[in-house]
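In: What shape does this take:
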Amino acid sequence: KKGPLAPLWLAAHMQNKLTKTVVFSVDIRKSCEKIIDPETPMALRLSGNLLLGVVRIHSRKAKYLLADCSEALTKVKTVSIRINTDATLEAATATYAAVTLPDDPALLKDFDLSAFELNLDVDMRASTSLGILRSSSASADPADPADPDFGQPRRRRQRTSHSSDSPAKSAAKAAA
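Out: Predicted coordinates:
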């Protein structure tokens, strides 16, 4: 129980009693050398059990290594995602000066619009998220500040009478 090969015997016979500190205290190479070339002769059955203990300890060490590597990989991915998210947010924002050309009449000097067929009935207030131009006959955008009803609560549509309503109910609704 207290010898150098005790943890191997413990691993072979009582695997659930094996703690992490015991697993990491075992040097597999030295233990195998002691089993191969023992100080005192050892029975074949005992050497087989000790080799089973070596295999179980090696298996535990491999499981602990896998768990540590998986945890490290998860942490690296988390940090990488945070860095990429921050980088894309910084790259997605630009200053006004970076995306706006200055008013320079020299830029438009050689620009001839007569070569293009322009439809002047197009509303230039396009949907910014989709980049689609709307026809001027399209319904007004409720979030448009130029709309006279901007900021006002939506009006409810008046309910029309249905054929299932009796004439008395229709008259009562009209009177109200």
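
In: Can you name the next helix or strand after the longest helix along the chain?
Out: In the chain, assigned by DSSP state H, the helix with the most residues is helix 44-92. Using DSSP states H and E, the helix or strand that follows helix 44-92 towards the C-terminus is helix 96-99.

In: Now stretch 37-50: average pLDDT?
Out: For stretch 37-50, the mean per-residue pLDDT is 92.

In: From one end of that stretch to the other, what's the distance?
Out: 13 Å (C-alpha to C-alpha, to the nearest Å).

In: So which bits of it are buried?
Out: Of all the residues in stretch 37-50, those buried under the rule 16 or more other C-beta atoms under 10 Å are 49-50. C-beta here means a position set from N, CA and C on the backbone, and glycine is covered the same way.

In: what's in contact with that stretch?
Out: Stretch 37-50 is contacted by residues 5, 8-9, 12-13, 31, 35 when judged by C-beta atoms under 8 Å, 6 or more residues apart in numbering.

In: try 6 Å
Out: 5, 8, 12, 35 (C-beta atoms under 6 Å, 6 or more residues apart in numbering).

In: And stretch 5-12, by the same measure?
Out: With C-beta under 6 Å, 6+ apart as the criterion, stretch 5-12 contacts 18, 22, 26, 31, 49-50, 52-54, 56-57.

In: want to try TSV for those residues, with distance to residue 69 as columns?
Out: Output for the contacts of stretch 5-12, formatted as TSV (distance: C-beta to C-beta, whole Å):
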residue	distance to residue 69
18	21
22	22
26	20
31	24
49	31
50	29
52	26
53	25
54	22
56	20
57	19
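
In: Generate a PyMOL selection restricted to the buried subset of these.
Out: Here is the PyMOL command that selects only those of those that count as buried (16+ other C-beta under 10 Å):
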select buried, resi 18+26+31+49+50+52+53+54+56+57
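
In: what's the farthest-apart pair in the contacts of stretch 5-12?
Out: Farthest apart among the contacts of stretch 5-12 by C-beta to C-beta are 22 and 49. That separation is 16.6 Å.

In: the bottom helix or strand of the chain by mean pLDDT?
Out: None of the helices or strands of the chain scores lower by mean pLDDT, DSSP states H and E than strand 132-135, at a mean of 44.

In: Pick the one among the contacts of stretch 5-12 closest to residue 94.
Out: Using C-beta to C-beta, residue 57 comes nearest to residue 94 of the contacts of stretch 5-12, at 58.8 Å.

In: What residues does that closest one make contact with?
Out: By C-beta under 6 Å, 6+ apart, residue 57 lies in contact with 11, 23, 26.

In: go on, residue 99?
Out: Applying C-beta under 6 Å, 6+ apart, we find residue 99 in contact with no residue.

In: hang on, residue 41 is in a helix, isn't it?
Out: No. Counting by DSSP: H, G, I helix; E, B strand; the rest coil, one finds residue 41 to be coil, located in no helix.
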